[in-house]
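Student: Would you be able to build a 3D model of this:
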Amino acid sequence: MNQREIYITEFDLARLRDVLRARTSVGARDRDHLESLENELDRAHVVDPSAVPHDVVTMNSQVRIEDVETGAENVYTLVFPSDAGIQEKKLSILAPIGTALLGARAGETVDWPVPAGVRTVRIKEVLYQPEAAGDYHL
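Tutor: The predicted structure is shown next:
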């Protein structure tokens with residue numbers, strides 16, 4: 001994963017750590033990915049919600065992404081696992097693409113491993129960010 005600045009609120013950090021603890025305690029089969037998310041959280045800058053840059057993907061942000069290889073664009077919302085649903089275009093933070101998107105800024109590209117290698121998307125636009133909208137506890 002790219003070594004970029006990651007900003008996260010204390011509220012989201014606490015919720016994500018709870019999710020990780022719950023998954024780790026039940027012996028989740030995707031332990032490598034859980035460790036990857038844990039590493040991202042460990043290096044994140046914990047900030048007040050009002051201090052999160054408006055173009056950063058945070059929890060519950062809606063983003064337009066472009067597949068670098070195909071040019072296909074999609075809009076997704078980054079959510080906690082209990083809210084995920086591909087039909088609603090809600091990506092779990094525990095999915096590899098979800099972890100890759102967390103903390104990315106508009107204009108950046110992010111990579112994540114897939115069985116065939118590595119996939120790359122560009123963050124075209126952050127359409128909605130809770131912190132920018134003043135919605136601090138979704």
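Student: Give me the three-state assignment for the residue lying closest to Ile6 once chain neighbours are set aside.
Tutor: Closest residue to Ile6 apart from its sequence neighbours, by CB to CB, 6 or more residues apart in numbering: Gly103 at 3.1 Å. Glycine gets a C-beta too; all of them are placed from N, C-alpha and C. Using DSSP: H, G, I helix; E, B strand; the rest coil, the secondary structure recorded for Gly103 is coil.
Student: what's the longest strand along the chain packed up against?
Tutor: Across the chain, the strand with the greatest residue count (assigned by DSSP state E) is strand 117-128. Secondary-structure packing of strand 117-128 (3 or more CB pairs under 8 Å, 6 or more residues apart in numbering; DSSP states H and E): strand 62-67, strand 73-79, helix 96-101, strand 109-114.
Student: Okay, angle between that strand and strand 62-67 too, please.
Tutor: 150 degrees (axes from the mean of the first three to the mean of the last three CA atoms, to 10 degrees).
Student: before we move on, the earlier item: compile the helices and strands packed on strand 117-128 into a markdown table and extend it with columns for mean neighbour count, mean pLDDT and distance to Ala51.
Tutor: Converted to a markdown table, the helices and strands packed on strand 117-128 look like this (neighbours: other CB atoms under 10 Å; pLDDT from 0 to 100; distance: least, CB to CB, whole Å):
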| stretch | mean neighbour count | mean pLDDT | distance to Ala51 |
| --- | --- | --- | --- |
| strand 62-67 | 18 | 97 | 20 |
| strand 73-79 | 18 | 97 | 19 |
| helix 96-101 | 22 | 91 | 20 |
| strand 109-114 | 16 | 89 | 22 |
